[in-house]
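> 3D, please:
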Amino acid sequence: MRSVLAMFGLSVLLATLVAFAVCPQSCFGQAWTPPRGEGEYAIVFQDLYTTKHTLGDGSRVNAGHVTLLGLVNSVDFGITDKLAVTLAFPVGMGIYNGKSPHLLPIDNGNFHGGLQDFGIGLRYNLISRPVMFTPFVLSTYPMTNYQHFAHSAIGSDAWEARVGFTVGHRFETHLRNAYFQTQYSYSISEEFMNIRPHRNRFNGEFGYFLSPRLALRALAVSQVMTNGLEIPQDYPIRKPDNPLWRQHDRISRVDFVDVGGGVSYSLTRSMDLFGSLLTMPWGTNGHALKTGVSLGINWTFRTPWARPQLAYQPGSNREGWQTQINQPPQMQCAH
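Residues are numbered from 1 along each chain as shown. This next block holds a predicted model:
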């Protein structure tokens, strides 16, 4: 079985990792939108480590270890109280350690990387009671023409367009310190070998504020594709000079479920720290993520056309700050 997967690389999963893993989920799917003229700037670091590959039937084999490191700068800004725009600029690098390199020198055991896929998204809060209902659209485009056929490739070098919605709610009666967000999106990607991948993605988050500053979160992420090829049966020739195999990262049917948790802490009324840890209990035709670690910091900013803030009165109970802090933190996912 290992010989079957000798050329099976990291790229199978990277089509989702670039737009959905490295970039914080708050970038493109929060149910809540910033007030007019206000926004957030975030820096997120992510370390994704894989030791197993998954086949079409869900079984796992050892075909080398892969580490992906990513750094994302993103801006989320409220155009109106209901309409928000988000921009994301990711860079990444990867390293492969194994006996079956895809492409040299990229898979030579050293880190290789560069610019990834620029993301732009819009979301609109359509309903705010009894739950927040916020549809969104998102597109990602490669910022450079990078190599995708490699274990340690940083992406699939293909555009993707996504449409979806997020439902969120902050409990006001029972479990007053809790909130949830759920998200669904449907996406299509660039066509290769007469195959255009279609992906259904589902996110779930449940959070609880232990204090006005500290929140814990339970996370779940999944993807179900409606088309794509299976490994190994749909790739009878797995050699670099085979055109079909060179596109397997773009056209394979990659399904998965990731679960984990996270924490966020408000340092000040304008600065938050957050982190998450996820792992993959099940998946097909990709890499079985062993650990996906995200660490980030975000700053809230205001522009001259934002609404005036209420002045802080010394000796008050700082209700305004607590209200701001108690907004659900960013959704952080490893896919």
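
> Let me see the ranges of the strands in the stretch 1-150 of the chain.
Using DSSP state E, counting those that start in this stretch, the strands of the stretch 1-150 of the chain run over 38-54, 60-61, 65-78, 83-97, 112-115, 117-124, 132-142.

> would you turn those into CSV with mean pLDDT and distance to Tyr184?
Any C-beta I mention is one placed from the backbone N, CA and C, and that applies to glycine too. Converted to CSV, the strands of the stretch 1-150 of the chain look like this (pLDDT from 0 to 100; distance: least, CB to CB, whole Å):
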stretch, mean pLDDT, distance to Tyr184
strand 38-54, 94, 23
strand 60-61, 90, 28
strand 65-78, 96, 20
strand 83-97, 95, 18
strand 112-115, 92, 29
strand 117-124, 96, 13
strand 132-142, 96, 10
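
> For stretch 279-287, give the mean pLDDT please.
Computed over stretch 279-287, the mean pLDDT rounds to 93.

> Please enumerate residues in contact with that stretch?
For stretch 279-287, the external contacting residues (CB atoms under 8 Å, 6 or more residues apart in numbering) are 10, 12-13, 50, 52-58, 66, 228-231, 252-260, 288-292.

> and the end-to-end length of stretch 100-115?
End-to-end span of stretch 100-115 (CA to CA, to the nearest Å): 25 Å.

> and that stretch, how far out from the chain's middle?
A distance of 23 Å separates the centroid of the chain from that of stretch 100-115, by CA atoms, centre = their mean, to the nearest Å.

> Please shift the residue numbers so they start at 9 in all later answers.
With 9 as the first residue, the last one maps to stretch 108-123.

> List the buried residues of it.
If you call a residue buried by 16 or more other CB atoms under 10 Å, then stretch 108-123 has these buried ones: Ser108, Pro109, His110, Leu111, Ile114, Asp115, His120, Gly121.

> quick one, phi/psi of the first one?
The reference is to Ser108. When read as degrees, to the nearest 10, the backbone of Ser108 gives phi -130, psi 70.

> same check, this time on the fifth one
Summarising the backbone geometry of Ile114 under the convention degrees, to the nearest 10, its torsions are phi -60, psi -40.

> quick one: pLDDT of it?
Ile114 is assigned 86 on the pLDDT scale.

> okay if I get the strands of the stretch 9-158 of the chain as CSV plus distance to Asn202?
Below are the strands of the stretch 9-158 of the chain laid out as CSV (distance: least, CB to CB, whole Å):
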stretch, distance to Asn202
strand 46-62, 25
strand 68-69, 29
strand 73-86, 29
strand 91-105, 28
strand 120-123, 29
strand 125-132, 23
strand 140-150, 21
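
> sorry, back to before: quickly name whichever of the buried residues of stretch 108-123 is closest to Phe144.
Nearest to Phe144 out of these is Gly121 (CB to CB; 28.3 Å).

> who's the closest one bridged to?
Assessed by DSSP bridges, Gly121 has beta-bridge partners Met101.

> residue contacts, Leu95?
Contacts of Leu95 by CB under 8 Å, 6+ apart are Ser82, Val83, Phe126, Gly127, Ile128.

> any idea how far Trp167 is from the last one?
Read it as Ile128. Computed as CB to CB, to the nearest Å, the Ile128 to Trp167 distance reads 11 Å.

> Mutual contacts of these two, please.
Common neighbours of Ile128 and Trp167 (CB under 8 Å, 6+ apart) are Ser147.

> hey, where'd the helices end up in the protein?
19-28, 34-37, 251-254, 256-259, 327-333 (DSSP state H).

> Which strands or helices does the fourth one pack on?
If I follow you right, that is helix 256-259. Helix 256-259 is packed against helix 19-28, with contacts defined by 3 or more CB pairs under 8 Å, 6 or more residues apart in numbering; DSSP states H and E.

> In this model Met233 seems to touch Asn208, though I could be wrong.
Yes - counting by CB atoms under 8 Å, Asn208 does reach Met233; the two are 7.2 Å apart.

> which of these two has more neighbours?
The neighbour count for Asn208 versus Met233, taken as other CB atoms under 10 Å, is higher for Met233 (20 against 15).

> thought that one was touching Arg207?
Yes - the criterion here is CB under 8 Å, and Met233 meets it with Arg207 at 5.3 Å.

> was I right about Gly172 contacting Arg207?
No - the criterion here is CB under 8 Å, and Gly172 misses it with Arg207 at 10.6 Å.

> The two: who's more crowded?
Arg207 (24 against 21).

> quick one, what contacts that one?
By CB under 8 Å, 6+ apart, the contact set of Arg207 is Thr24, Tyr194, Ser195, Ile196, Ser197, Gln231, Val232, Met233, Thr234.
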